[in-house]
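A.B. asks: no sequence for this one, just the structure:
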Ligand SMILES: N[C@@H](CCC(=O)N[C@@H](CS)C(=O)NCC(=O)O)C(=O)O
């Protein structure tokens, strides 16, 4: 199998960390820039987005959540999203963190509009506030009481490293000290060291 991905994307990192966490060794990672609109990416995913997994049969699988569910079901032990069916609490924890990844990527896109002179103060502030609100809520969530890895923990580590990488000015540790402490204990697990964004 082949994973079209980049080294900075937090979505791709969720998948790349999961591959390592599950000990999967037969996925070739092809590093691409989605903005280059290569035929290989657009043929596989008309959205032009990474990550995109291409199976040995040539079937494209996206987005990051679907790839994670696929790998966990096909090559893992199906525990990442809660094991038992209908674990809505865990799935909602994951949705919150995935939404925060969306906010952090949109905030990054606003930064990039700076060069075009069209950065919006309104949207910048809206994405920052969503991030801070979401992380404040994380303080009370069971996600950070657990040191075993399931999808919410994995995605949270990817989110927080991405915020530190792209948005170092965001003082999230001040509003989420318990999450910061949990993160400091978790971020150096091997699956995450190898995939840290750069
Ligand atoms: N919902 C998608 C989002 C993927 C995404 O937005 N990836 C970014 C890279 S961080 C991308 O490919 N951007 C190019 C574009 O949107 O045109 C997922 O979870 O995989």
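C.D. replies: Here it is on my side, so go on. Source: prediction; values computed, not measured. Numbers count the residues shown, from 1 in each chain.

A.B. asks: Every contact and neighbour count from this point should use C-alpha atoms.
C.D. replies: OK.

A.B. asks: How about the residues of the chain by the ligand?
C.D. replies: Applying CA under 6 Å from any ligand atom, we find that the chain lies next to the ligand at 9-11, 34-35, 48-51, 63-65.

A.B. asks: Show me what the one helix or strand residue 173 maps to is packed against.
C.D. replies: Per DSSP states H and E, residue 173 falls inside helix 172-175. The contact analysis (3 or more CA pairs under 8 Å, 6 or more residues apart in numbering; DSSP states H and E) places helix 172-175 against helix 121-138.

A.B. asks: Include pLDDT and neighbour count when you put the residues of the chain next to the ligand into JSON lines, please.
C.D. replies: Converted to JSON lines, those look like this (pLDDT from 0 to 100; neighbours: other CA atoms under 10 Å):
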{"residue": "9", "pLDDT": "98", "neighbour count": "18"}
{"residue": "10", "pLDDT": "98", "neighbour count": "29"}
{"residue": "11", "pLDDT": "98", "neighbour count": "24"}
{"residue": "34", "pLDDT": "98", "neighbour count": "17"}
{"residue": "35", "pLDDT": "96", "neighbour count": "9"}
{"residue": "48", "pLDDT": "98", "neighbour count": "19"}
{"residue": "49", "pLDDT": "98", "neighbour count": "21"}
{"residue": "50", "pLDDT": "98", "neighbour count": "24"}
{"residue": "51", "pLDDT": "98", "neighbour count": "31"}
{"residue": "63", "pLDDT": "98", "neighbour count": "18"}
{"residue": "64", "pLDDT": "98", "neighbour count": "22"}
{"residue": "65", "pLDDT": "98", "neighbour count": "20"}
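
A.B. asks: Including secondary structure, could these go into JSON lines?
C.D. replies: Formatted as JSON lines, the residues of the chain next to the ligand follow (DSSP: H, G, I helix; E, B strand; the rest coil):
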{"residue": "9", "secondary structure": "coil"}
{"residue": "10", "secondary structure": "helix"}
{"residue": "11", "secondary structure": "helix"}
{"residue": "34", "secondary structure": "helix"}
{"residue": "35", "secondary structure": "helix"}
{"residue": "48", "secondary structure": "coil"}
{"residue": "49", "secondary structure": "coil"}
{"residue": "50", "secondary structure": "coil"}
{"residue": "51", "secondary structure": "coil"}
{"residue": "63", "secondary structure": "coil"}
{"residue": "64", "secondary structure": "helix"}
{"residue": "65", "secondary structure": "helix"}
